[in-house]
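Undergrad: Next comes the sequence, and after it the predicted model I'd like to discuss.
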Amino acid sequence: MPLNLRTPGVYIVEESKFPPSVVPVETAIPAFFGYTRNAQYKGTDLVNHPVAVNSLLEFQEIFGLAPALGGFAIALDEDGNVAAPVADPGQGANARFRLAYALRHFYDNGGGRCYVVSLGTYAASAATSDIVDAHVAALDALAREDEPTLIVFPDLSGMRPPPAATPADIAATRAAYHSVLVQALNQCAELGDRFLVCDLWDGDRPGSDGIAAFRNGIGTRNLKYGAAYHPYIQTTMAWSWDESTITVAQIARRNDDGSVTRPSPHNGMTLTALKSGSPNSNPLIYANARSELARFSVTLPPAAAVVGIYATVDRTRGVWKSPANESLSSVIDLSVRIDQDLNDTMNLEPSGKAVNALRAFSGKGFLVWGARTLAGNDNEWRYVSVRRFFNMVEESTRKATEPFVFEPNDARTWAKVKAMIENFLIIQWRDGALVGAKPVDAFYVNVGLGVTMTAQDILEGRMNVEIGMAVARPAEFVVLRFSHKMQES
């Protein structure tokens, strides 16, 4: 700025010699879509309103707990022991609401800050068309948020055809499921700052039919912005039970001739009454009934746990490290055990639509055993880590260069922008994200007249910056070569 020198004296002018800096954006901020207990919080409507959450406790305070399952009876014999197994509660109507459990699994696997988009309460319609419409409306709401970088649909796979479903009903439900995933991929490509982590609609079933149906349904566009994981996870989490609506059906004691000695005083009592101080309470029967319920644990689609792994790897290593060969927490078992042959077809397939496996290994536990995007045949965008690293660099540099909008489109501005981006990429290179013995081997930044712009570009107000990066790629196939060596002495 020119000085207004009128009075004799000494004047100080500070001049900036350092270029502005690029601040890396957060890379593992998932947005979870699903149904919640609460539709309002402190007078604010939560439906289709993305809310930032930093802990499981904060989620529970705002959105409430998981729905409590109940409304059935546990059959007991005359001694109070369970006489017949209870049907799997995971097949019940309220079991399709898995968002609250998914958030817990996310945090169990290292998750941090995230966004939650409520689609409505547990009284919401179970009709396929209504579920699809709710997810699409919520996606539109998320598009207005800048911070989320991952998209997860814990409740979407809860869509189920009617009990007496025909093959046409099943196909229609699958198609509806995939239509939401396609919409999410479109948003990821349009905004360029987020990535879809998706599940298979029937990822709890063995065989390859569900994988083939997924590949057929996901389409062919914007596949580099998404990744799929299989199978579902049997977690260590217990279902939430509504003991006030769970009763016991205990048969009466009988004599040898079959006549009734006395009816059971506990028949028809709720679990709440059995454990309380009521006259007919019976802690032993209550304990037996609870033991029967303890046989069941929550089975979840894998995406929530996987994005927890993403967050852990990004925090401890960097977004450029593949989120694979990482151990999953809070897992009892996988709904499908994937062998080597099935893993081969999941990872490499003529269509290129790789499905990343979760596998069990002796002595290691349950690992994420895949690192590919849905664009598995694309040499540029084959790997999750490469796509997400580019997302981070693109978004970070975009925000860092915004102050240069309307600056003079001349050599001074070009030099500042180039130095700013190069300094940022040198840091990435030193951290191991970029490959090369020297920075010049790892990346380049070009800008200037005759380099990236013509005189016409400058007249039209365009400043073109070209950035190239050699991003580290995972060693997906480690080949050890052995041979015999002849005796020499």
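TA: Structure's in. What do you need?

Undergrad: Which parts of the stretch 251-400 of the chain are helices?
TA: Counting by DSSP state H, counting those that start in this stretch, residue ranges of the helices within the stretch 251-400 of the chain are 271-275, 283-293, 303-316, 340-347, 384-401.

Undergrad: which one of those helices lies closest to residue 436?
TA: Of all the helices of the stretch 251-400 of the chain, it is helix 384-401 that lies closest to residue 436, at 14.8 Å by Cβ to Cβ. Heads up, the C-betas are built off the backbone N, CA and C, glycines and all.

Undergrad: Tell me what angle the closest one forms with helix 303-316.
TA: If you take axes from the mean of the first three to the mean of the last three Cα atoms, to 10 degrees, helix 384-401 sits at 60 degrees to helix 303-316.

Undergrad: For the remainder of this discussion, apply numbering that starts at 11.
TA: Sounds good: first residue 11 from here, last item helix 394-411.

Undergrad: now helix 394-411: how far from the chain's centre is it?
TA: 19 Å (Cα atoms, centre = their mean, to the nearest Å).

Undergrad: May I have the distance across stretch 74-83, first residue to last?
TA: End-to-end distance for stretch 74-83: 26 Å, by Cα to Cα, to the nearest Å.

Undergrad: May I see the buried residues of it?
TA: For stretch 74-83, the buried set under the neighbour-count rule, 16 or more other Cβ atoms under 10 Å, comprises 74, 76-80, 83.

Undergrad: same thing with stretch 206-221?
TA: By neighbour count on 16+ other Cβ under 10 Å, the buried set for stretch 206-221 is 206-214, 220-221.

Undergrad: does the residue lying closest to residue 108 once chain neighbours are set aside sit in a helix, a strand or a coil?
TA: Closest residue to residue 108 apart from its sequence neighbours, by Cβ to Cβ, 6 or more residues apart in numbering: residue 164 at 4.9 Å. Three-state assignment for residue 164 (DSSP: H, G, I helix; E, B strand; the rest coil): coil.

Undergrad: Out of the helices of the stretch 261-410 of the chain, which one sits most buried?
TA: Mean neighbour count, computed with mean count of other Cβ atoms under 10 Å, is highest for helix 313-326 among the helices of the stretch 261-410 of the chain, reaching a mean of 24.

Undergrad: Please work out which residues outside that one touch it.
TA: Contact with helix 313-326 is made by 37-38, 40, 42, 112-113, 115-122, 160, 162-164, 207-209, 239, 243, 329, 331-333, 336, 338-341, 378, 398, as judged by Cβ atoms under 8 Å, 6 or more residues apart in numbering.

Undergrad: how about low-confidence regions in the stretch 111-260 of the chain?
TA: Of all residues in the stretch 111-260 of the chain, none has pLDDT under 70.

Undergrad: Tell me which stretches of it form strands.
TA: Applying DSSP state E, counting those that start in this stretch to the stretch 111-260 of the chain gives strands spanning 124-128, 160-162, 205-209, 236-240, 243-245, 257-260.

Undergrad: Tell me which of those strands sits nearest to residue 349.
TA: When those are compared by Cβ to Cβ, strand 236-240 sits nearest residue 349, at 13.1 Å.

Undergrad: Give the burial count for residue 335, as a bare number.
TA: Neighbour count for residue 335, taken as other Cβ atoms under 10 Å: 13.

Undergrad: how many neighbours does the residue nearest to it when sequence neighbours are not counted have?
TA: Closest residue to residue 335 apart from its sequence neighbours, by Cβ to Cβ, 6+ apart: residue 377 at 6.0 Å. As a burial measure, residue 377 scores 17 neighbours (other Cβ under 10 Å).

Undergrad: Can you get me a residue count around residue 442?
TA: 12.

Undergrad: How about the contacts made by the spatially closest residue to it that is not a sequence neighbour?
TA: Nearest residue to residue 442 in three dimensions, chain neighbours excluded: residue 482, at 6.3 Å (Cβ to Cβ, 6+ apart). Taking Cβ under 8 Å, 6+ apart, we find residue 482 in contact with 330, 395, 442-445.

Undergrad: Check residue 101 and give its pLDDT.
TA: With respect to pLDDT, residue 101 has a value of 74.

Undergrad: quick one: it and residue 421, what's the gap?
TA: Residue 101 sits 68 Å away from residue 421, going by Cβ to Cβ, to the nearest Å.

Undergrad: ok, back up a step: please report how far the residue nearest to residue 108 lies from residue 311.
TA: Separation of residue 164 from residue 311 (Cβ to Cβ): 6 Å.

Undergrad: Counting neighbours, go ahead and name the busier of the two.
TA: The neighbour comparison of residue 164 against residue 311 (other Cβ under 10 Å) goes to residue 311, with 30 against 24.

Undergrad: contacting residues around the nearest residue to that one once chain neighbours are set aside?
TA: Leaving out its chain neighbours, the residue that sits closest to residue 311 by Cβ to Cβ, 6+ apart is residue 209, at 3.6 Å. Each residue near residue 209 by Cβ under 8 Å, 6+ apart is listed here: 163, 166-167, 238-240, 242, 311-313.

Undergrad: Which parts of the stretch 361-499 of the chain are strands?
TA: 366-371, 375-379, 453-457, 475-479.

Undergrad: Report the buried residues of the strand or helix carrying residue 84.
TA: Residue 84 is part of strand 83-86 when elements are defined by DSSP states H and E. For strand 83-86, the neighbour count (16+ other Cβ under 10 Å) marks 83-84, 86 as buried.

Undergrad: and which of those residues is nearest to residue 21?
TA: Nearest to residue 21 among those, counting by Cβ to Cβ, is residue 84 at 87.9 Å.

Undergrad: so how far is residue 283 from the closest one?
TA: As judged by Cβ to Cβ, residue 84 and residue 283 stand 13 Å apart.

Undergrad: Please apply the same query to residue 302.
TA: Note on residue 302: its distance to residue 283, by Cβ to Cβ, is 17 Å.

Undergrad: The longest helix along the chain packs against which elements?
TA: For the chain, the helix with the greatest residue count under DSSP state H is helix 177-201. Where contact means 3 or more Cβ pairs under 8 Å, 6 or more residues apart in numbering; DSSP states H and E, helix 177-201 is packed against helix 138-152, strand 160-162, strand 205-209, helix 219-227, strand 236-240.

Undergrad: Serialize these to CSV and add fields for distance to residue 496.
TA: Below are the helices and strands packed on helix 177-201 laid out as CSV (distance: least, Cβ to Cβ, whole Å):
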stretch, distance to residue 496
helix 138-152, 65
strand 160-162, 55
strand 205-209, 52
helix 219-227, 48
strand 236-240, 47
